[in-house]
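Chemist: Compute the structure for the input listed below.
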Amino acid sequence: MSDLHRPKKIFTFLIWGGWYGSRNIGDSAILLGVKELIKKANPRKEYYIRALTTDPDYTATKGVTPMKALLKKDIINPIRWFQILKTFWDVDFVIISGGTPIFDHSHLVRTLYFFLPVIFRKPFILFGAGVKKIYNKYGKFYIPFVLNKAKYKSVRDSGSLEELKKLDVQSVEFTADSAFFAPPANESELEEVLNRNGLKLKEKKLIVSPRFLSQEQKRLYLEEKMSDDVIESTPVKLAKAIDSISSKVDKVVFMAMHFYGPDSDLPLIKEVLGKCKSKNIVFIDEELRPDVAIALFKNSYLLLGMRLHAVLLSSSMETPVVSIAYEKKVVDLMERLELSEYNLDLFNFTEKELISVLQKAFTNRAKTAKHLHVRINQLRSLVLKNSKTVLSING
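Modeler: Okay, the predicted model is just below:
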């Protein structure tokens, strides 16, 4: 609930670590998932949830109180530093969550966020987070120093677990992504969006969710640099594969997990659309709310996804997926789902391989959906098991 008029007696959580406010559906879904887990851990209790965000107005629509994060332009602004200090001082409990709060760049502000709970003696946890490789000596020092003071630590994928072990962070739980708990919008809200875009609820849909491709490895915190060849050939392969299998569905629906901003998926989507020849292709040319996107995945027949959370949120709705992995975290997710046979490597897949995997996914769709029903419940149980203790106000 919002805490704009917060009585001092009400317990308050602060969440930071994801790109909250970036208008990325995946990060917003994580926030919604953590919010849902806090609710499950504290039935019939009063509490407030705050989140550090770069876009307070956007994050406020997710049912939490937005707290403006420090931006690069704020570094020399003492008022903004005081506001951040007050934000951490005023809360009762700090949650460091995902996507990926631990990485090798932007140490100044993140060091501040890591250390403030320690300095102010606020209980804090690392919860279902992602971790990228740490090369910097400074990062290798302060990250384990702080995290070993946390009340609890859990990561969402095996690569993150391995990295924290290398950093000598102790007692880390291997769990799953909080976004598995993000709820979908109701069917009527989805139907409004579909109608605006010439689509219907009962149509058999293949959802296609590409990912922005760029050579800017450092700015985007990518594990592997994307070459010109990958950037140029991927749209061609996607278009040819989609044309090859489009007759298996009523509509092929393109959607953007990241609609606005410098990392927008729109340029790649429009490039692929320009190369497709099929007549049953529709592009949802609007920014979707996270819960509406989840409802869309639930209403779909199959997903072809490149972004991690397109794959995760679709599978969470028990909709079968085919993934094209740009980083190990996508490979890890498909392994956790026990669907590695439906995963391809962005850097070396061929058009023929993609068509073959898509055809296999269509053939085995019913079997895969049944498998996901079981596997998703197992992963949710894994997350829920400890969250009821570590996110409880009395925990």
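
Chemist: buried set for the helix or strand encompassing residue 234?
Modeler: Per DSSP states H and E, residue 234 falls inside helix 228-245. For helix 228-245, the neighbour count (16 or more other C-beta atoms under 10 Å) marks 230, 234-235, 237-245 as buried. In short, each C-beta sits where N, CA and C put it, glycine included.

Chemist: cool, and stretch 81-98?
Modeler: So stretch 81-98, judged by 16+ other C-beta under 10 Å, has buried residues 84, 87-88, 90-91, 93-98.

Chemist: Could you do stretch 143-154 as well?
Modeler: Buried-residue list, stretch 143-154, by 16+ other C-beta under 10 Å: 143-144, 146-147, 150, 152-154.

Chemist: per-residue confidence averaged over that stretch?
Modeler: What stretch 143-154 shows for mean pLDDT is 97.

Chemist: try stretch 177-186
Modeler: 98.

Chemist: who touches it?
Modeler: 26, 29-30, 32-34, 36-37, 40, 97-98, 127-128, 156, 190, 289-292, 294-295, 297-298, 309, 312-313, 316-317, 333, 376, 379-380, 383-384 (C-beta atoms under 8 Å, 6 or more residues apart in numbering).

Chemist: what do you get if the cut-off is 7 Å, keeping everything else the same?
Modeler: 26, 29-30, 32-34, 36-37, 97-98, 128, 156, 289-292, 294-295, 298, 309, 312-313, 316-317, 376, 379-380, 383 (C-beta atoms under 7 Å, 6 or more residues apart in numbering).

Chemist: just checking, which of those belong to strands?
Modeler: Assigned to strands by DSSP state E, the following of the contacts of stretch 177-186 qualify: residue 128.

Chemist: Selection in PyMOL covering whichever of the contacts of stretch 177-186 are buried, please.
Modeler: Here is the PyMOL command that selects the buried residues among the contacts of stretch 177-186 (16+ other C-beta under 10 Å):
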select buried, resi 26+29+30+32+33+34+36+37+97+98+128+156+290+291+292+294+295+298+309+312+313+316+317+376+379+380+383
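
Chemist: Quick check: phi and psi on residue 227?
Modeler: The phi and psi values for residue 227, taken as degrees, to the nearest 10, are phi -80, psi 170.

Chemist: so what's it scoring on pLDDT?
Modeler: The score at residue 227 is 92. That number is its pLDDT.

Chemist: again, but for residue 221
Modeler: Looking at residue 221, the pLDDT reads 70.

Chemist: Can you tell me the closest non-neighbouring residue to it?
Modeler: Closest residue to residue 221 apart from its sequence neighbours, by C-beta to C-beta, 6 or more residues apart in numbering: residue 103 at 5.3 Å.

Chemist: now the helices for the stretch 151-300 of the chain?
Modeler: In the stretch 151-300 of the chain, the helices defined using DSSP state H, counting those that start in this stretch lie at 158-166, 187-196, 228-245, 266-275, 290-298.

Chemist: For the longest one, name the packing helices and strands.
Modeler: So that's helix 228-245. Judged by 3 or more C-beta pairs under 7 Å, 6 or more residues apart in numbering; DSSP states H and E, helix 228-245 is in contact with helix 266-275, helix 351-363.

Chemist: Go ahead and name everything in contact with the shortest one.
Modeler: It refers to helix 266-275. 210, 212-213, 235-236, 238-239, 254, 256, 259, 281, 283.

Chemist: and that helix with helix 228-245, angle?
Modeler: Taking axes from the mean of the first three to the mean of the last three C-alpha atoms, to 10 degrees, helix 266-275 and helix 228-245 form an angle of 50 degrees between their directions.

Chemist: likewise the longest one?
Modeler: Counting by the same axes, to 10 degrees, helix 351-363 points 40 degrees away from the direction of helix 228-245.

Chemist: Which other helices and strands does helix 351-363 contact?
Modeler: Against helix 351-363 (3+ C-beta pairs under 7 Å, 6+ apart) you get helix 228-245, strand 302-305, strand 321-325, strand 343-345.

Chemist: Dump the ones you listed to a markdown table, plus distance to residue 51.
Modeler: Shown next, in a markdown table, are those (distance: least, C-beta to C-beta, whole Å):
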| stretch | distance to residue 51 |
| --- | --- |
| helix 228-245 | 33 |
| strand 302-305 | 26 |
| strand 321-325 | 28 |
| strand 343-345 | 31 |
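
Chemist: out of those, nearest to residue 361?
Modeler: Of all those, strand 321-325 sits nearest to residue 361, with 5.0 Å by C-beta to C-beta.

Chemist: Counting neighbours, which bits of the closest one end up buried?
Modeler: Within strand 321-325, the residues that count as buried by 16+ other C-beta under 10 Å are 321-325.

Chemist: do the same with stretch 192-199
Modeler: 193-194, 199.

Chemist: what's the answer for stretch 11-29, then?
Modeler: Buried, per 16+ other C-beta under 10 Å, within stretch 11-29: 12-29.

Chemist: Quick one: residues contacting the closest residue in space to residue 164 that isn't next to it in sequence.
Modeler: Closest residue to residue 164 apart from its sequence neighbours, by C-beta to C-beta, 6+ apart: residue 172 at 5.1 Å. Each residue near residue 172 by C-beta under 7 Å, 6+ apart is listed here: 153-155, 161, 164.
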